[in-house]
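Trainee: give the three-dimensional model of this entry:
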Amino acid sequence: MRRFATVRLVLFEERVFPGVIEEVVLLLAEGEGPTDRFTVHQARDLADLRDLANLTSSWTPRAADDKWIEALLPSDTATLYATVTAKFEQLQDWGATTLGMVTGNNRYFALDSASVQAAGLGESDLIRISPPGSRHLRGLTFGESAWREMAETGSRAWLFYPDGERPSAAASKYIAAGEASNVHHAYKCRVRKPWWRVPMVDVPHLFLTYMNHDTPRLVNNAAGVPHLNSVHGVRLIAGRQRVGQDVLPIASLNSLTALGAEIVGRSYGGGMLKLEPKEADLLPVPSIALVSELARQLRALRPQLSSALRGGELLAVLDLVDRAVLIEGLGLRRKDVKLLRAARDAMFARRASRG
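Mentor: I've put the predicted structure just below:
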């Protein structure tokens, strides 16, 4: 934009090259610049290139690192989104988003109860963890009973974490078995000493799912367990921890936050939405003042929301939280909420078409 007079960008809804799941973008830059805007063409597939004039919108980014995806918002929705996000906060205002533990070999280090018993490992050789993956983090809370149920039904809910100076006899035997299987040659194992001691992370107040088909979830870590790098953690700042753990996971299930996730996150060719920690920092979420004001009302919704989430009824959840947070809390009109939801649904459909 600094160099050229006109910049045209073509984005595709569907995958362009068979077997290639990367995002494909066409860029045409002409003339001698600068310019303060570029035109965006949203095409479904290659056939749509014949009629780009009907697919064009103009966009002026606020900053050089703004993501192009925001250019796909209709102008009235873009204005509304900017207005409402100004009344929200960003997740970084609540706390720090952190990566989980990197073991180098989850199959070796993350153990189920049967493997623990077979290896003769004791409590001093292990720590409890949130099991690998994030399928169990689709509700509002991951508590003690949920962790225990997973541990009892075969999930890898234990991390091999022996004494760094004097591992037990059973742990030493398990370490020797790992070396016999060349586990210690994996890169992350090879560069740390001792190789079998996984670097610990602070226990987060919240989990954040960062690879999502629908929308990211903030989940209360009521079990108080650390996490692997299959999810992010959020350490809430002082003064926000109680209400943040209890109510923010509910309040964040609204259409504006869901739309914000599509904008700040990365859409992968396979249809997944990914949030890196720096992107998660920018996620628009209700402010501490708004969450505190609505805390009693949102807590009352918990049973209904939990049931809907278990049934995979995300849109019903968004309806309930939108009414509490956006309409009653912020005073938005229902038609404004519908605009935000429609934009989120359109961006979700764009991702899902690649799946």
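Trainee: below-threshold pLDDT in the chain: ranges please.
Mentor: 52-56, 269, 354-355 (pLDDT under 70).
Trainee: pretty sure residue 224 sits against residue 203.
Mentor: Yes. Using C-beta atoms under 8 Å, residue 224 is in contact with residue 203, at 5.8 Å. No exception for glycine: its C-beta is placed from N, CA and C like everyone else's.
Trainee: quick one: common contacting residues for these two?
Mentor: Residues touching both residue 224 and residue 203 (C-beta atoms under 8 Å, 6 or more residues apart in numbering): none.
Trainee: can you pull out the helices in the stretch 51-200 of the chain?
Mentor: 75-85, 91-94, 106-109, 113-119, 144-152, 169-180, 187-190 (DSSP state H, counting those that start in this stretch).
Trainee: the chain - how does it break down into domains?
Mentor: The chain breaks down by automatic domain parsing into domains covering 6-72, 89-97+203-352, 102-190.
Trainee: count of neighbours near residue 11?
Mentor: 19 (other C-beta atoms under 10 Å).
Trainee: measure the spatially closest residue to residue 136 that is not a sequence neighbour to residue 122 for me?
Mentor: In this structure, residue 136 finds its nearest non-sequential neighbour in residue 150, 6.3 Å apart by C-beta to C-beta, 6 or more residues apart in numbering. In this view, residue 150 and residue 122 are 20 Å apart by C-beta to C-beta, to the nearest Å.
Trainee: settle it for me: which of these two has more neighbours?
Mentor: Taking other C-beta under 10 Å, residue 150 and residue 122 do not tie; residue 150 has more neighbours (19 against 13).
Trainee: so that one makes contact with residue 143?
Mentor: No. Contact criterion C-beta under 8 Å: residue 150 and residue 143 do not qualify, at 11.1 Å.
Trainee: what are the ranges of the strands in the stretch 251-355 of the chain?
Mentor: Ranges of strands in the stretch 251-355 of the chain, per DSSP state E, counting those that start in this stretch, are 266-267, 273-274, 284-285.
Trainee: from the contact counts, what lies against the second one?
Mentor: Which is strand 273-274. strand 211-212, strand 266-267 (3 or more C-beta pairs under 8 Å, 6 or more residues apart in numbering; DSSP states H and E).
Trainee: and that strand, how far out from the chain's middle?
Mentor: On the basis of C-alpha atoms, centre = their mean, to the nearest Å, strand 273-274 sits 6 Å off its chain's mean C-alpha point.
Trainee: contacting residues for the residue nearest to the spatial centre of the chain?
Mentor: Taking C-alpha atoms, centre = their mean, the centroid of the chain lies closest to residue 210, which sits 2.7 Å from it. For residue 210, the contact set (C-beta under 8 Å, 6+ apart) comprises 134, 216, 231, 232, 274, 275, 276, 280.
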